[in-house]
Structures are given as C-alpha cells and as structure tokens.
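> Here is my input; please provide its structure:
(chains A and B)
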2 protein chains.
Amino acid sequence: MKTSVFCAASIDGFIAKSDDGIEWLNPYEKDPHGFEEFFASLDAVVIGRRTFEVVLGFGGWFYTKPVFVLSSTLKNLKLPEGAVCELINAEPSEVLKQLEQRGFNHLYIDGGVTIQRFLRARLIDRMIITRVPILLGNGIPLFGSLPQEVQLKHVATRTYPTGLVQSEYEVAR
Amino acid sequence: MKTSVFCAASIDGFIAKSDDGIEWLNPYEKDPHGFEEFFASLDAVVIGRRTFEVVLGFGGWFYTKPVFVLSSTLKNLKLPEGAVCELINAEPSEVLKQLEQRGFNHLYIDGGVTIQRFLRARLIDRMIITRVPILLGNGIPLFGSLPQEVQLKHVATRTYPTGLVQSEYEVAR
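Presented below is the predicted three-dimensional model:
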C-alpha cells in the first residue's frame, strides 16, 4: 500500500484561501504539471469532508477513480450522478487497512486536514508539492503541527513556464 | 535601494525550532548553496532583536558587513569585539530611508519577525528561499499574515546534493 500527496501550495504554505477559494490557481491551469499522469497511477482517492464539499461546489464530478470521504459527522452523501464515492469514519491506519483489504494499492490523500492527519500518523509515503509564486498571507495551511520531526528525501524538482516549482519527496514512515 | 531575503526553511515553513534551535540545519552546512556569493553582494544587514540574540549566542561574530538591529526595547548593544553594529528603532520604511541616506544600496533583511514586517510593508525586492527536506512540525515561521496577496516572479530554482531546493523570486513591491 502506497500513499501519495499531490497538491499546490502558496510560498507561504496555504492550499486555499480562508473561504476555501482557489481562484488564485486559475492563471496556472494552462501550465500542465503532471497531475494527469499522477492521477492515472492511482487506485483510489481519500479526501476529507471539507474538500469533498468544496469539490461538490464546483458542480460535476471530475474524479474518475473511487473516492473515499473521511467524516465523523456525515451520515450519507448526496452525490452527483456517476460519482463512485463512499463515506469512511475511521482513523488513518484503519482507513489504509480497510482499503488494502479491498485491493487498493495506491491512494491519493488530499485535503489539508486529511493530509495533516495522515502525516501525524506517519502514513504518507510520497509528497509532490507544487509551489505557486504567490504569498496569500492567510488561508488554509497545507501543514499542521507534528509530534516529531519527519525527515524527507528529495527525489526531483521540476520548474514550469508560469513559475510553478514542483518538488517530489519520499517521506520516512 | 534593494532589499533581499536569503534564508533556509523547512518544507512546513519554519526557520527555527520553537526554542530558536537550528541544529536541524547542521547536515546541510557541507552543501554550499550560494550564501557567500549573496553576502558579498550586500552593503549591510538588517536583523531583528531576537535573531541578533541568537547570533550572539553562537559566540563570535560572523558578519563582515555593518549590521543594524531593529528593536523598540533595547537601549544599547553588548557587542563582541570587532562587531560593526547599531541599534535602530524605526518602521521598515524609515529604516530604508535612513540607510539609503547613509549610502547603503543593498540590504540583507533577516529574521522571522523582521522579514514579515518588511513584507507587510511591501519593502522586499527579492527572496531566496532554500527548502530543507524536513518537516519540523512546530517552530518559528518564515511567513506571517499579510493584508493582501503578494505576487512573486520565479527567477530560478537550484537543487543541491543533500536535497536542498533553492528558489529565487522577485517580489512585486
């Protein structure tokens, strides 16, 4: 079982504005930076409830792999037509155990709180962080506090014409 | 007058641990990443009181350019022999005005709070951030809140054998 994070962050470490806004990413959408190739390598997606609601707000459903939504409060999901999506109410280690038993081998872990929970549990294997050349000043942080330092191993860094800088790290579990 | 930031930060955005510790940087000291060339291009250094005290704690004095310490509380400086260092109690814009009048053209702005104050005042021209492949989890952040977004222009990114990734940005004033 392998878990990967693939996300964009401002230079000051935010993945969205305080109101969940990601319109500051719009100028960079025309600058492909490997998301499709990354997504093709996955078996399933694990996101938090907040990210799920933001995605629903876009209208439509762009996930072409099964999606698992982590929530301790939602009882059922109102899904767009065609969405393959399930609720899970469990700790990260239990989530991985369940999904591994169901035959999933490579998970995409997404959403600020969810990424932080998996990092705290030391259950992330790889992080691909694309730095966007902007300081937002406030917003939803990619990282949160950790009980201990986590050493990363730099794998590669790629730069893109619009100024995106993407670094890939292996995370010591 | 030009102002530059040159600093190391963890992937989660800290420049020091909560106790000001930077021992996590030790493994990277053998990996030269342009600090000497950067320092040679400067006329003077502007640091905050806290950074000043951390530097004094190292013993000795490694600045070979005039240093200006920003503080609203210190009345005088206890300096190591040979240190060229002055106190300034002023807002960033006033600091730049005074130092420009005294003939300084390129300033190195350093220290978390000081960098944040100059960024908030939009008085930083260039940022060279060297990302260290570690998540500290807690500590003294490089960035703080800003009253508005600040657009950066990516100039160059360099990678180093130990996994350091250094990105240089121009800051829209």
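> interface residues of chain A facing chain B?
A:11-13, A:24, A:119, A:127, A:129, A:131, A:133-138, A:142-143, A:145-154, A:157, A:159, A:163-165, A:167, A:169 (Cβ under 8 Å from any Cβ of the partner chain). Quick note: C-beta positions are derived from backbone N, CA and C, even for glycine.
> ok, the closest residue to A:Y160 other than its chain neighbours - contacts?
Distances taken as Cβ to Cβ, 6 or more residues apart in numbering or on different chains place A:D31 nearest to A:Y160, at 4.9 Å, with adjacent residues excluded. Shown in contact with A:D31 (Cβ atoms under 8 Å, 6 or more residues apart in numbering or on different chains): A:160-162, A:164.
> Mind putting those into TSV with secondary structure and neighbour count?
Shown next, in TSV, are those (DSSP: H, G, I helix; E, B strand; the rest coil; neighbours: other Cβ atoms under 10 Å in any protein chain shown):
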residue	secondary structure	neighbour count
A:Y160	coil	15
A:P161	coil	9
A:T162	coil	14
A:L164	coil	19
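> From those residues, pick the one nearest A:N76.
Proximity of those to A:N76 (Cβ to Cβ) peaks at A:L164, which lies at 37.8 Å.
> For the closest one, give me its contacts.
By Cβ under 8 Å, 6+ apart, A:L164 lies in contact with A:8, A:28, A:31, A:33, A:130-133, B:154.
> Distance of it relative to A:V113?
From A:L164 across to A:V113, the span is 24 Å (Cβ to Cβ, to the nearest Å).
> out of the contacts of A:L164, which is most surrounded?
Compared across those, A:R131 has the highest neighbour count, 25 neighbours, by other Cβ atoms under 10 Å in any protein chain shown.
> now could you export just the CA positions of the helix or strand bottoming out on mean pLDDT in chain A as CSV?
Of all helical and strand segments in chain A, the minimum by mean pLDDT, DSSP states H and E falls on helix A:49-57, at a mean of 91. The C-alpha trace of helix A:49-57 is given here as CSV (Å, rounded to 0.1, in the frame of the first residue of the first chain):
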residue,chain,number,x,y,z
ARG,A,49,-15.3,16.2,4.3
ARG,A,50,-14.4,19.8,3.7
THR,A,51,-12.5,19.1,0.5
PHE,A,52,-15.4,16.9,-0.6
GLU,A,53,-17.8,19.8,-0.2
VAL,A,54,-15.6,22.2,-2.0
VAL,A,55,-15.3,19.8,-4.9
LEU,A,56,-19.1,19.3,-5.0
GLY,A,57,-19.4,23.1,-5.1
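> Can you point out the buried residues in it?
By neighbour count on 16 or more other Cβ atoms under 10 Å in any protein chain shown, the buried set for helix A:49-57 is A:49-52, A:54-56.
> What is the nearest of these to A:P80?
Distance to A:P80, by Cβ to Cβ, is smallest for A:L56 among the buried residues of helix A:49-57, at 7.2 Å.
> wait, that closest one sits on A:L77?
No - A:L56 is beyond contact range of A:L77, at 9.2 Å (criterion: Cβ atoms under 8 Å).
> Chain neighbours aside, what residue packs nearest to the residue sitting furthest away from the middle of chain A?
Centroid-distance maximum for chain A: A:P161 at 23.4 Å, with Cα atoms, centre = their mean. In space, and not counting its chain neighbours, A:P161 is closest to A:D31: 6.1 Å by Cβ to Cβ, 6+ apart.
> where do the helices sit along chain A?
For chain A, the helices defined by DSSP state H occupy A:35-40, A:49-57, A:92-101, A:112-120.
> looking at those helices, which is buried most?
Burial of the helices of chain A is given as mean neighbour count (mean count of other Cβ atoms under 10 Å in any protein chain shown); helix A:112-120 ranks first at a mean of 21.
> how close does the residue nearest the centre of chain A sit to chain B?
Closest to where the C-alpha atoms of chain A average out (Cα atoms, centre = their mean) is A:D110, at 2.0 Å. Distance, A:D110 to chain B, by Cβ to the nearest Cβ, to the nearest Å: 17 Å.
> Does that residue touch A:A8 like I think?
No - using Cβ under 8 Å, A:D110 makes no contact with A:A8, being 11.1 Å away.
> joint contacts of these two?
The contact sets of A:D110 and A:A8 do not overlap (Cβ under 8 Å, 6+ apart).
> Could you measure from the nearest residue to A:K30 once chain neighbours are set aside over to A:L136?
Among residues not flanking A:K30 along the chain, A:T162 sits closest, at 7.6 Å (Cβ to Cβ, 6+ apart). The spacing between A:T162 and A:L136, counted by Cβ to Cβ, is 17 Å.
> Same check on A:S72?
Taking Cβ to Cβ, one finds A:S72 at 28 Å from A:L136.
> And for the residue lying closest to A:Q151 once chain neighbours are set aside, the neighbour number?
Excluding the flanking residues, the one nearest A:Q151 by Cβ to Cβ, 6+ apart is A:A172, at 4.7 Å. By the criterion of other Cβ under 10 Å, A:A172 has 14 neighbours.
> Likewise for A:F62?
Neighbour count for A:F62, taken as other Cβ under 10 Å: 9.
> which residues of chain A fall in strands?
In chain A, the segments counted as strands under DSSP state E are A:2-10, A:14-16, A:44-48, A:67-70, A:85-88, A:106-110, A:126-132, A:134-135, A:140-141, A:150-159, A:165-171.
> got a list of what A:V67 touches?
By Cβ under 8 Å, 6+ apart, A:V67 lies in contact with A:44-47, A:52, A:83-86.
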